[in-house]
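Novice: please work out how this folds:
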Amino acid sequence: MQREAKLSRRLPPHLTPNRISETVARFQREGTAFIDLTESNPTKVNLPYPAGLLDALADGRALQYDPHPFGLLAAREAVADDCRRRAVLVNPDDVVLTASTSESYSWLLKLLCDPGDIVIAPVPSYPLFEHLTRLESVGLAPYRLDYHARWEIDFDSIRAAPAATRAVIIVSPNNPTGSYVSPDEFAQLVAICADRRWALIVDEVFADYPLDVESPLTDLATRADVLSFTLAGASKTLGLPQVKLGWLIAGGPLAERREALTALEHVADTFLSVSTPVQIGAPSLMATGQPVRAAIHERIRRNLTHARTVADSYGACQLLRVDGGWCATVRVPATRSEEALVLDLLDAERVLVHPGYFFDFPHEAFVVVSLLVEESVFVDAFERSLRFMN
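Specialist: Alright, predicted model coming up:
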């Protein structure tokens, strides 16, 4: 009798879709129209992209393959030059190109952790870290973000991290809470990392989109005196997820940073994942990406303003503070489970929102919506959602 191949334990034990995903898939099969207030793909929400934006990808120089582990120097210089928009000076030698932020995480987990080591990450947050750490045979432990008129780091939960912890992940602004790390929080984090010899991994993919905060603290790896890495990419900075260009910027003490980059070069050289056309086109893309970034910023600002106006009309629903990013969180009456609430809303109003449990909110009931949706669509669907949940 033929035996089935045994799959890796790094994969989740259950890969079946949840009821919400099943319902959405059924609607799509049947052609049932609905409004997706979870849409976070900028290429699907009718944003204006400049004509010829991607012409640089057809540059004839891309016909020659000349691989470099960290990426072509001109592309790394383009990333470093782009940091000047935020008055930050970056050495191109500290820039590493990847195909995505997820790949950046994967490489850093390989660099910093042995199998069985642990990294800590915030909750609530986007449900990516569980998958990435599991695939690298690394453990994941949470630390809490608590809401007190703004989202704040619970440092007791950080200090309670397991002994096998090797790094702390920060997401600033966080997805979905929209909270930037404050200067005081950053100072405390760096002090803890220095004391415990942890590395600092800072996800800043949404850093270019402040909303309820002026002059947020960004480019944190360049400000830390411990080994640290800032992650970003074209998906959010340029609104071009299909280009598949990410980067990480190393920071911290020079000797420690150089040692880490030497080791990381071995990882990068093993994969060489960023395509040559993308690297050749990177300087042009970075130089001409401002109109798309501006259009995204205007869209999310206007939708957040609409969301506040709508929320004021439904007293049982509370729109939580949003410092930046593309999401808004609403605390809603816990009249039923979040899954049942989302399914009932989808059935009654044909509007899809994220349940709070998707992001590991500490209790029910929360829903999360994307501020990236086309404005006229967002206003109508958001009001119908709150009216239903209120």
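Novice: now L319: closest residue in space that isn't a chain neighbour?
Specialist: Of all residues not flanking L319 in the chain, A311 sits nearest, at 4.0 Å (C-beta to C-beta, 6 or more residues apart in numbering). The way it works is simple: take the backbone N, C-alpha and C, and place the C-beta from them, glycine included.
Novice: can you pull the phi and psi angles for the one you found?
Specialist: The phi/psi pair for A311 (degrees, to the nearest 10) reads phi -60, psi -30.
Novice: begin at 820 from here
Specialist: New numbering, starting at 820: the last item is A1130.
Novice: ok, it - contacts?
Specialist: By C-beta atoms under 8 Å, 6 or more residues apart in numbering, A1130 lies in contact with C1136, Q1137, L1138, V1149, L1205.
Novice: my guess is the last one contacts Q1137. True?
Specialist: Spelled out, that is L1205. No - L1205 lies out of contact with Q1137 (C-beta atoms under 8 Å); the separation is 10.3 Å.
Novice: what do these two both touch?
Specialist: Shared contacts of L1205 and Q1137, counting by C-beta under 8 Å, 6+ apart, come down to A1130, V1149.
Novice: and these two? which has more neighbours close in?
Specialist: When L1205 and Q1137 are compared for neighbours, L1205 comes out ahead with 21 against 13, by other C-beta atoms under 10 Å.
Novice: pull the contacting residues for the more buried one.
Specialist: L1205 neighbours (C-beta under 8 Å, 6+ apart): V1129, A1130, S1132, Y1133, C1136, V1149, V1151.
Novice: cool, and G1070?
Specialist: G1070 makes contacts with D913, L1039, A1040, T1041, R1042, A1043, L1046, S1047, F1048, T1049, R1076, as judged by C-beta under 8 Å, 6+ apart.
Novice: out of the residues you listed, flag the one nearest to I854.
Specialist: Among the contacts of G1070, T1049 lies closest to I854 (C-beta to C-beta), at 34.8 Å.
Novice: report the beta-bridge partner residues of that closest one.
Specialist: On the basis of DSSP bridges, T1049 is bridged to V1021, I1068.
Novice: for R905, see how far away it is.
Specialist: T1049 sits at a distance of 11 Å from R905 (criterion: C-beta to C-beta, to the nearest Å).
Novice: overlap in contacts, these two.
Specialist: Joint contacts of T1049 and R905 (C-beta under 8 Å, 6+ apart) are D1038.
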